[in-house]
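> pasting the sequence and the predicted coordinates here, then a few questions.
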Amino acid sequence: MRLAHWLTLLVACTGTVIGACSDTRDITHHETNPPPGDTTKSGGVDSGGPSTPPPVVTGATPVAIVDNSTAVHVFSVFTGRLDGTLRRQLHFSNVTDPIADNDPSLRVSDDKLIGLSSPALSPNGQRLAVVASLAPGQSEIVVVGVDGTAPEVASPNSALIVGGVTWSADGTKLAYGTTTQSDTSHAQLSVTNLASHTISRIPGVTVSTPTAIRWTSDGKSLVIATRAGTTSASALPNVLSTLMQVDIASGAIQTVAAGIIGEITSISSTRARVLVTRTADSDSGVTTQLLEHTLGGSDKVVIAFDAVGGHYVAASDQVAVLTGRITIDGHTSVETFVRNLQTGIGLEVGSGASITVDATPIDTTSRTSARTRR
């Protein structure tokens, strides 16, 4: 049975709250040295600000859920609360397309969808960006209020969106990669200004298809993760990843970190840490782990067995959406959780390989200030 192994991370201790039970082996806060070949350096990242109370993951945490069930042709978007007490389905109707030169025949609507992916909530949790596909080899970004209002296209509709969608810190811009069906191994980096509905392509920059993208805090650069080849760690093959910072105005590229073992699935908001999936040996055989890697530092195991992936939420280094497989009595299910990586507290979103999730953390700073004033 894999359930006891998979968690201390995701074991259910009374309900769906995540935490390490007293009789369970803790595998979620284990520090390890970087694997051989990791040449990570600490330059080119934000140092972070002063210590603040950790964001809280509760039943009231706002979430967005995409169900991309291609087998039964069900493509749905839901927003609401993590505990499910508020869950609204958003429909693609009356979607406007203010992007110049887009193909007018590709109008986004429920009945034309053939795929949905990459939900990304804005930093204030009020808007949602989601990647919609209307035809093979095509996808585009739609931005909509979490209440379903003001849906509009926010990208070219003649290419494929890759690397996910990331919001600028002020919520006014989106960054993403675009590629074509004839060359999916390379991508052009693009930025959409949501106020002017204009798209800027970073000049002279074509990169290996990114696995993750994140804005710098000043909004002048993007940090991207790409595959740089393969290597062998402990006789097991793994992706070799590179982290680069790209100046939006000039296209100048600076290497932030090289030789990271595993595929980077997400970059923290300070760019000081990344989440990576890595093939590893376990007492049950070869498995996929999810680790949090500190640039120039150590690794922390987040999911020790059967990891699918994970990503930091937009406005936090501490809260992440985590997905992995749990096998009980021969039956395997894919489970998704929202979890504070620092406190270990979180809740399950749902089960199923077809769902992808994003969340917005609840900041305790204002609550703390209010208690202090009283």
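Good, I have the coordinates.

> give me the residues contacting stretch 174-186.
129, 136-137, 141, 143, 154-156, 159-168, 187-192, 194, 206-210, 213, 215, 222, 224 (Cβ atoms under 8 Å, 6 or more residues apart in numbering). To be clear about C-beta, it is placed using only N, CA and C from the backbone, and glycine gets the same treatment.

> buried set for that stretch?
Neighbour counts over stretch 174-186 (16 or more other Cβ atoms under 10 Å) mark 174, 175, 176, 177, 178, 179 as buried.

> what of stretch 273-284?
Result for stretch 273-284 [16+ other Cβ under 10 Å]: buried residues 273, 274, 275, 276, 277, 278, 279, 280.

> which two in those residues are spaced the farthest apart?
273 and 279 (20.3 Å; Cβ to Cβ).

> now the buried members of the contacts of stretch 174-186.
Among the contacts of stretch 174-186, those classed as buried by 16+ other Cβ under 10 Å are 129, 141, 143, 154-156, 159-168, 187-192, 194, 207-210, 213, 215, 222, 224.

> where does the stretch 101-250 of the chain dip in pLDDT?
Low-confidence segments of the stretch 101-250 of the chain (pLDDT under 70): 232-235.

> can you pull out the strands in it?
Applying DSSP state E, counting those that start in this stretch to the stretch 101-250 of the chain gives strands spanning 115-121, 127-133, 140-145, 152-153, 160-167, 173-180, 183-193, 198-208, 210-215, 221-233, 236-247.

> touching the third one from outside, list them.
Looking back up the chat, that one is strand 140-145. 90, 92, 95, 102, 106, 108, 126-134, 150-157, 161, 165, 174, 176, 192, 194.

> what lines up beside that strand in the sheet?
strand 127-133 (antiparallel), strand 152-153 (antiparallel) (DSSP bridges).

> which stretch among those strands comes nearest residue 361?
Of all those, strand 127-133 comes closest under Cβ to Cβ, at 15.6 Å.

> can you pull the buried residues of the closest one?
So strand 127-133, judged by 16+ other Cβ under 10 Å, has buried residues 127, 128, 129, 130, 131, 132, 133.

> that strand: how far from the chain's middle?
Distance, stretch centre to chain centre, for strand 127-133: 13 Å (Cα atoms, centre = their mean, to the nearest Å).

> export that strand to CSV, keeping only CA atoms.
C-alpha atoms of strand 127-133 as CSV (Å, rounded to 0.1, in the frame of the first residue of the first chain):
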residue,chain,number,x,y,z
ARG,A,127,-9.6,37.4,-12.1
LEU,A,128,-8.7,34.1,-13.7
ALA,A,129,-6.6,33.4,-16.8
VAL,A,130,-7.1,30.0,-18.4
VAL,A,131,-5.7,28.4,-21.6
ALA,A,132,-8.5,27.3,-24.0
SER,A,133,-8.1,25.2,-27.1
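
> what's the angle between that strand and strand 115-121?
Counting by axes from the mean of the first three to the mean of the last three Cα atoms, to 10 degrees, strand 127-133 points 160 degrees away from the direction of strand 115-121.

> next, the angle strand 160-167 makes with strand 127-133.
Using the same axes, to 10 degrees, the direction of strand 127-133 lies 170 degrees away from that of strand 160-167.

> got the angle for strand 127-133 vs strand 183-193?
Here the directions of strand 127-133 and strand 183-193 differ by 150 degrees (the same axes, to 10 degrees).

> so what touches strand 127-133?
Under Cβ under 8 Å, 6+ apart, the answer for strand 127-133 is 64, 66, 77, 79, 90, 92, 108, 113-122, 139-146, 154, 161, 165, 167, 171, 174, 358.

> drop anything exposed from those residues.
Buried members of these, scored by 16+ other Cβ under 10 Å, are 64, 66, 77, 79, 90, 92, 108, 113, 115-122, 139-144, 146, 154, 161, 165, 167, 171, 174, 358.

> the strands paired with strand 140-145: which one's closest to residue 295?
strand 127-133 (26.8 Å).

> could you give the angle of the closest one to strand 173-180?
Using the same axes, to 10 degrees: strand 127-133 against strand 173-180 is 10 degrees.
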